[in-house]
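Colleague: Next come a sequence and a model predicted from it.
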Amino acid sequence: MSPASRPASASDLAGQHVQVRYIRHGEVRARVSTIGADGDRAFVLVAGIGVASNYYENLAPGLGEFGPVHALDLPGFAGVPYPKRPMSIQRYAAVVGTVIDELGLVDPVLVGHSMGTQVVAELASQRPELSTLVLIGPVTNPRERSLLKLAFRFLESSAHEPFRVAMLAVGAYLLCGFRWFSAVLPRMMRYRIEDVLPHIQAHTLIIRGEHDSLVPRSWLREMAGLLPRASTWEIEGAAHSVMYDHAKGVAELCVDHAREPFDTRSAEGAGQDLAADAAAGKLVQVADEEARNRRVHVTPRLVLQVLRSRWNEFFASADNRPQDIAEAKTEHFQAQLEAFGAAEADSAEADPNGGSQSEGRQSQDHA
């Protein structure tokens, strides 16, 4: 990894606040949480069904190299008011398009996870000017579009998720509610992303976790074959919510891809060989120890700060109080920075020369 591609450190982000605003699209609204302000190319993050933008809380700080990072809560999710009727993937894509337009973003990097991949893929197929796309854990595998199979695969993958993801999911599903979740789920299952992919002109990075049963390697291979420009990567040891505990590796892949798309690189040099392999349909696996988040330095005070901020964010989201949501998110963000900052200092003392990311990547054929 070159020095230019290193993720932002805790010291780089110190003093930043999370900004929260609502953007209206017709009769519905989306909530946008933003960190960073410098730069002219933003990342736009879209989460999956039923969950909230805080699924990206570990990933977002590592994406701010080119500009601000905007994480979206779509209508009906995370306490955002329910629309009058269930929304299709196409309508959700239109909401994201309005957010991009209202924020005045020029060619942002679109990142979707799970159902969010359907939303950003739909939007990218309609807007050829969007040049860079990231699909994390893309659904739905066309060979497993039944509710029973989907539920089984979800549980199978969840067994490999960290406890913190489960707690995030519980809070998010409570805010979403069973009624809205069950109304949107059939639309997610029926959406044929495979019909949309050939129309996407953007350079597309596809990422899965090694234990993501919802997204088998064969499905990644099929997607890469349908996309005009694509590369496929796997994070060792991760599951469906790969961008949470393995945010370090996912952020590095996203930033590298935004700077110079993997599918257009030459095959010169060790790191570029791997990128060429990914573009050629081979699966490039990033080692668990290279992708996993750095250990944090935790104190009782920080634990209490995180718990308080999470509690306050939940109830502020339920009541749609943007200022209180922003304050709670900022408090949580600053606690994270302090924990990571102390760990970074310890790590620098232990290993002042750092390590090489390329050593943790290897190419292999799809299974």
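Modeller: That came in fine, so what should we check first?
Colleague: next SSE after the helix or strand bottoming out on mean pLDDT in the chain?
Modeller: Lowest on mean pLDDT, DSSP states H and E among the helices and strands of the chain sits helix 10-13, with a mean of 53. Next in sequence after helix 10-13, counting helices and strands by DSSP states H and E, comes strand 19-25.
Colleague: for that following strand, packing partners?
Modeller: Applying 3 or more C-beta pairs under 8 Å, 6 or more residues apart in numbering; DSSP states H and E, one finds that strand 19-25 contacts strand 28-35, helix 89-102, helix 322-350. C-beta: built from backbone N, CA, C; applies to glycine.
Colleague: Going by neighbour count, list what's buried in it.
Modeller: Using 16 or more other C-beta atoms under 10 Å as the test for burial, strand 19-25 gives 19, 20, 21, 23, 25.
Colleague: next one: stretch 118-136
Modeller: Buried, per 16+ other C-beta under 10 Å, within stretch 118-136: 118-125, 127, 130-136.
Colleague: Name the residues of stretch 132-150 that come out as buried.
Modeller: Buried-residue list, stretch 132-150, by 16+ other C-beta under 10 Å: 132-141, 144, 149-150.
Colleague: residue ranges of the helices in the protein, please?
Modeller: 10-13, 89-102, 115-126, 147-158, 163-176, 178-190, 193-196, 217-226, 242-245, 247-259, 270-279, 288-291, 300-318, 322-350 (DSSP state H).
Colleague: how about those in JSON lines, adding distance to residue 41?
Modeller: Formatted as JSON lines, the helices of the chain follow (distance: least, C-beta to C-beta, whole Å):
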{"stretch": "helix 10-13", "distance to residue 41": "17"}
{"stretch": "helix 89-102", "distance to residue 41": "12"}
{"stretch": "helix 115-126", "distance to residue 41": "16"}
{"stretch": "helix 147-158", "distance to residue 41": "32"}
{"stretch": "helix 163-176", "distance to residue 41": "28"}
{"stretch": "helix 178-190", "distance to residue 41": "29"}
{"stretch": "helix 193-196", "distance to residue 41": "24"}
{"stretch": "helix 217-226", "distance to residue 41": "25"}
{"stretch": "helix 242-245", "distance to residue 41": "20"}
{"stretch": "helix 247-259", "distance to residue 41": "7"}
{"stretch": "helix 270-279", "distance to residue 41": "20"}
{"stretch": "helix 288-291", "distance to residue 41": "24"}
{"stretch": "helix 300-318", "distance to residue 41": "28"}
{"stretch": "helix 322-350", "distance to residue 41": "22"}
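Colleague: and stretch 213-233, how far from the chain's centre?
Modeller: Centre-to-centre, stretch 213-233 and its host chain are 17 Å apart (C-alpha atoms, centre = their mean, to the nearest Å).
Colleague: Kindly report the same for stretch 86-96.
Modeller: With C-alpha atoms, centre = their mean, you get 18 Å for stretch 86-96.
Colleague: try stretch 171-178
Modeller: Stretch 171-178 has its C-alpha centroid displaced from the chain centroid by 19 Å (C-alpha atoms, centre = their mean).
Colleague: And the contacts of that stretch?
Modeller: Contact partners of stretch 171-178, identified using C-beta atoms under 8 Å, 6 or more residues apart in numbering, comprise 50-52, 54-55, 76-79, 181, 310, 314, 317-318.
Colleague: tell me the contacts of the closest residue to residue 29 other than its chain neighbours?
Modeller: Leaving aside its sequence neighbours, residue 29 sits nearest to residue 22 (C-beta to C-beta, 6 or more residues apart in numbering; 4.7 Å). Contacts for residue 22 were tallied using C-beta under 8 Å, 6+ apart; they are 29, 30, 31, 32, 322.
Colleague: Touching, the fourth one and residue 103? I think so.
Modeller: Okay, so that is residue 32. Yes. If you go by C-beta atoms under 8 Å, residue 32 and residue 103 touch, sitting 7.4 Å apart.
Colleague: the more surrounded of the two?
Modeller: With neighbours defined as other C-beta atoms under 10 Å, residue 32 and residue 103 compare such that residue 32 has more, 21 against 16.
Colleague: Show the model's pLDDT score for that one.
Modeller: Per-residue pLDDT puts residue 32 at 96.
Colleague: could I get the buried residues of stretch 132-150 as a markdown table with pLDDT and distance to residue 282?
Modeller: Converted to a markdown table, those look like this (pLDDT from 0 to 100; distance: C-beta to C-beta, whole Å):
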| residue | pLDDT | distance to residue 282 |
| --- | --- | --- |
| 132 | 97 | 21 |
| 133 | 98 | 20 |
| 134 | 98 | 19 |
| 135 | 98 | 17 |
| 136 | 98 | 19 |
| 137 | 97 | 19 |
| 138 | 97 | 18 |
| 139 | 94 | 23 |
| 140 | 93 | 24 |
| 141 | 93 | 20 |
| 144 | 91 | 24 |
| 149 | 94 | 27 |
| 150 | 92 | 28 |
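Colleague: which residues of the stretch 201-350 of the chain score low on pLDDT?
Modeller: 264-273, 275-276, 279-281, 341-350 (pLDDT under 70).
Colleague: Could you rerun that using 90?
Modeller: Scanning the stretch 201-350 of the chain for pLDDT under 90 picks out 221, 260-303, 306, 320, 332-350.
Colleague: what do you get for the stretch 51-200 of the chain?
Modeller: Ranges of the stretch 51-200 of the chain meeting pLDDT under 90: 64-65, 164, 166-168.
Colleague: related to what we said a few turns ago, ranking the helices and strands packed on strand 19-25 by mean neighbour count, which comes first?
Modeller: strand 28-35 (a mean of 22; mean count of other C-beta atoms under 10 Å).
Colleague: Against which helices or strands is it packed?
Modeller: strand 19-25, strand 69-73, helix 89-102, helix 322-350.
Colleague: Relative to residue 169, how far out is residue 161?
Modeller: Taking C-beta to C-beta, to the nearest Å as the measure, residue 161 falls 8 Å from residue 169.
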